[in-house]
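Colleague: show me the folded form of this:
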Amino acid sequence: MNEPFAEFSVLRIIAAFAGTLAVGLRQPVLIAYIVVGILAGPVALATGPG
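Modeller: Purely as a prediction, here's the structure:
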């Protein structure tokens with residue numbers, strides 16, 4: 001994935017799904033967003049150098 005818009009869109013979709021799941025489980029949404037950021041960060045999206 002080399003297009004920034006596509007990467008951002010995928011990240012937002014994952015964050016929306018995680019947020020919905022967190023609300024359903026009565027967990028803080030902010031924690032879900034942090035977990036998404038860690039799991040789907042630069043390494044998972046392959047945006048880092050190399």
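Colleague: can we go C-alpha only for contacts and neighbour counts from here?
Modeller: Fine.
Colleague: quick one: the helices in the protein?
Modeller: Applying DSSP state H to the chain gives helices spanning 4-24, 29-39, 42-45.
Colleague: export those to TSV and tack on mean pLDDT?
Modeller: Output for the helices of the chain, formatted as TSV (pLDDT from 0 to 100):
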stretch	mean pLDDT
helix 4-24	90
helix 29-39	91
helix 42-45	66
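Colleague: now these as JSON lines including mean neighbour count?
Modeller: Formatted as JSON lines, the helices of the chain follow (neighbours: other C-alpha atoms under 10 Å):
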{"stretch": "helix 4-24", "mean neighbour count": "14"}
{"stretch": "helix 29-39", "mean neighbour count": "15"}
{"stretch": "helix 42-45", "mean neighbour count": "12"}
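Colleague: what's the local residue count around Q27?
Modeller: A total of 13 residues lie near Q27 under the criterion other C-alpha atoms under 10 Å.
Colleague: now it: how far from A6?
Modeller: If you measure Q27 against A6 using C-alpha to C-alpha, to the nearest Å, the figure is 28 Å.
Colleague: with I38 instead?
Modeller: For I38 relative to A6 (C-alpha to C-alpha), the value is 18 Å.
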